[in-house]
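1. predicted model follows, preceded by the sequence.
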Amino acid sequence: MRQVNLNPLRAASNETARDINRRIVLNLIRTGQPISRADLARRSGLQRSTVSLIIEQLIADKWVIEGPMGRLPRGRRPTFLHLNDQRAVICVDLRPTRIALGVADVNGGFSSHDILATPSDPAVAVKELARRIRAIVKAQPEKCFEGVGVSLPGRVDLATHHLAFAPNLGWPPTDLKTPLERATGLEVELENAANACALAEMWFNPAQFRDLVAVTVSEGIGTGIVAQGQLVSGRHGMAGEFGHVPLDPDGPQCRCGNKGCWEMLASNRAALRYYFESGQQSGKFTFQDLLRLAEQGDVLAGRALNRMATQLGRGARMIVGGLAPEAIVFIGEFTAAWDRFRPILDAEIQTQTLSTAPTLVLAGRDGATARVRGTMVLVLQKHFGAPSSSVAQAAAR
Ligand SMILES: [Zn+2]
């Protein structure tokens with residue numbers, strides 16, 4: 001018989017119960033805002049007086065603000081509650097060629113601040129990032145910055161906080177967290193870009209999927225797996241490296257050392273290679289140029305994209321066959337041509353998988369900012385999710 005070992009745990013204290021109720025109320029405001037105290041009491045099952053006490057504290061802590069008065073037919077005029085968008089996070093989207101910095105607030109609002117070329121030396125990158133982060137904090141004294149979220153083109157070992165695997169970035173295993181925290185005085189959270197996108201889907205998608213896979217497609221392919229509402233990290237944070245599963249042993253050499261990895265066949269780089277192989281000039285031609293040409297009816301550009309779509313779908317069968325998610329969410333520039341990609345992806349994914357309930361194939365709603373919104377979730381989620389760390393700390397005492 002399978003047993004759950006409860007020995008290391010202690011019974012919940014009043015403090016734990018209060019903490020959990022606070023998180024429940026905060027989450028109900030997040031998903032239901034604007035919302036009244038009466039609605040919160042009804043939806044949470046908590047006493048009205050308990051809800052009022054929690055709200056008082058959340059307003060004092062600047063997590064929640066009271067909005068305009070509502071109107072009800074019978075003359076009562078409740079005030080509505082919202083999350084306070086002065087609660088914000090500095091978001092860093094680190095890619096192989098460029099780093100973008102911005103500010104995302106708790107409601108998903110985002111403003112871009114800075115873009116720089118990615119330094120080849122991680123120590124230079126840390127120094128430059130710290131300087132720019134301090135400048136952003138100084139320029140916005142009205143904001144409560146909760147921390148810095150960094151999205152990375154690689155995997156992060158959660159035990160050591162080292163960037164463990166980033167073949168497209170070319171940096172050695174690096175600790176970015178400790179030096180950045182020291183230099184900025186802010187808490188720093190690191191996550192793989194695809195995991196960040198999966199978190200953003202969990203937070204912002206009203207469908208509230210419990211099992212989903214986010215697939216980011218750019219220079220490479222990354223996947224972020226959410227199973228039963230939890231991000232799957234695996235040993236050393238390496239879960240989700242479908243992009244480096246070799247699908248064609250005779251395929252092109254990948255920077256990870258293998259040949260014919262999924263990302264060598266289905267990324268933006270692959271589509272450009274297909275186009276150049278059809279005899280077209282290379283030069284400064286970009287993936288955006290390819291999308292534009294195909295849109296204008298260029299047959300060879302269209303064929304290159306169709307080939308990319310077929311390979312994307314073939315690789316996605318691994319994910320659907322292995323994990324049976326409710327939805328697979330694609331994020332990347334190619335979703336601008338979703339009308340071309342979607343039927344090919346659907347045909348490849350649905351025709352040869354075993355599941356009786358088809359997996360939804362979706363384009364991320366806001367591809368351009370999914371990563372940065374994900375880094376916001378990364379930093380703020382600990383105030384909204386189950387208090388796993390406090391239970392673990394209680395267990396350790
Ligand atoms: Zn590879």
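-> Happy to help now that I have it.
2. residue ranges with poor pLDDT in the chain?
-> Low-confidence segments of the chain (pLDDT under 70): 1-12, 68-77, 282, 352-356, 366-368, 386-397.
3. quick one: the helices in it?
-> 14-32, 37-44, 48-60, 122-139, 177-184, 193-204, 262-266, 268-277, 287-295, 299-323, 338-351, 367-380, 388-396 (DSSP state H).
4. in JSON lines, list those along with distance to the ion.
-> From N, CA and C alone the C-beta is placed, and that goes for glycine too. Putting these into JSON lines (distance: least, Cβ to the ion, whole Å) gives the following:
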{"stretch": "helix 14-32", "distance to the ion": "38"}
{"stretch": "helix 37-44", "distance to the ion": "47"}
{"stretch": "helix 48-60", "distance to the ion": "46"}
{"stretch": "helix 122-139", "distance to the ion": "21"}
{"stretch": "helix 177-184", "distance to the ion": "26"}
{"stretch": "helix 193-204", "distance to the ion": "15"}
{"stretch": "helix 262-266", "distance to the ion": "6"}
{"stretch": "helix 268-277", "distance to the ion": "12"}
{"stretch": "helix 287-295", "distance to the ion": "19"}
{"stretch": "helix 299-323", "distance to the ion": "12"}
{"stretch": "helix 338-351", "distance to the ion": "21"}
{"stretch": "helix 367-380", "distance to the ion": "21"}
{"stretch": "helix 388-396", "distance to the ion": "33"}
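5. distance to P252 for those - can I get that in CSV?
-> CSV is the format used below for the helices of the chain (distance: least, Cβ to Cβ, whole Å):
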stretch, distance to P252
helix 14-32, 44
helix 37-44, 53
helix 48-60, 54
helix 122-139, 27
helix 177-184, 34
helix 193-204, 22
helix 262-266, 5
helix 268-277, 7
helix 287-295, 17
helix 299-323, 12
helix 338-351, 20
helix 367-380, 26
helix 388-396, 42
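6. check contacts around the residue nearest to T174 when sequence neighbours are not counted.
-> Spatial nearest neighbour of T174, chain neighbours left out: P122 (4.4 Å); criterion: Cβ to Cβ, 6 or more residues apart in numbering. Residues counted as contacts of P122 (Cβ atoms under 8 Å, 6 or more residues apart in numbering) are 163, 171-172, 174, 176.
7. determine which two of those residues are furthest apart.
-> P172 and L176 (11.8 Å; Cβ to Cβ).
8. more crowded one of these two?
-> Just comparing P172 and L176: by other Cβ atoms under 10 Å the higher neighbour count belongs to L176, 23 against 10.
9. I figured L46 hits I20, correct?
-> No - with contact defined as Cβ atoms under 8 Å, L46 does not count as touching I20 (10.7 Å).
10. more crowded one of these two?
-> L46 (18 against 15).
11. the spatially closest residue to that one that is not a sequence neighbour: how many residues sit nearby?
-> Excluding its sequence neighbours, the residue lying closest to L46 (Cβ to Cβ, 6+ apart) is N21, at 6.1 Å. By the criterion of other Cβ under 10 Å, N21 has 16 neighbours.
12. isn't N21 right up against Q57?
-> No - the criterion here is Cβ under 8 Å, and N21 misses it with Q57 at 10.7 Å.
13. what parts of the stretch 101-250 of the chain come near the ion?
-> Residues of the stretch 101-250 of the chain that fall close to the ion, judged by Cβ under 5 Å from the ion: H244.
14. now the strands for the stretch 101-250 of the chain?
-> Remark: strands assigned in the stretch 101-250 of the chain by DSSP state E, counting those that start in this stretch are 110-117, 144-152, 155-157, 162-165, 174-175, 188-192, 212-217, 221-227, 230-231.
15. packing partners for the last one?
-> Just to be clear, that refers to strand 230-231. helix 193-204 (3 or more Cβ pairs under 8 Å, 6 or more residues apart in numbering; DSSP states H and E).
16. and the contacts of the helix it packs on?
-> Residues outside helix 193-204 that contact it (Cβ under 8 Å, 6+ apart) are 93, 95, 108, 149, 151-153, 191, 208-209, 212-216, 222-226, 229, 231, 233, 240, 329, 331, 364-365, 370-371, 373-375, 377-378, 381.
17. now the stretch 101-250 of the chain against the ion: closest residue?
-> Proximity of the stretch 101-250 of the chain to the ion (Cβ to the ion) peaks at H244, 3.6 Å away.
18. now swap in the stretch 1-150 of the chain and tell me
-> Counting by Cβ to the ion, the stretch 1-150 of the chain gets nearest the ion through P96, at 14.0 Å.
19. neighbours of that residue, just the number please.
-> 17.
20. and for N258?
-> 16.
21. so who does the nearest residue to it once chain neighbours are set aside touch?
-> Spatial nearest neighbour of N258, chain neighbours left out: P246 (4.7 Å); criterion: Cβ to Cβ, 6+ apart. Shown in contact with P246 (Cβ under 8 Å, 6+ apart): 254, 258-262.
22. good, we can wrap up now.
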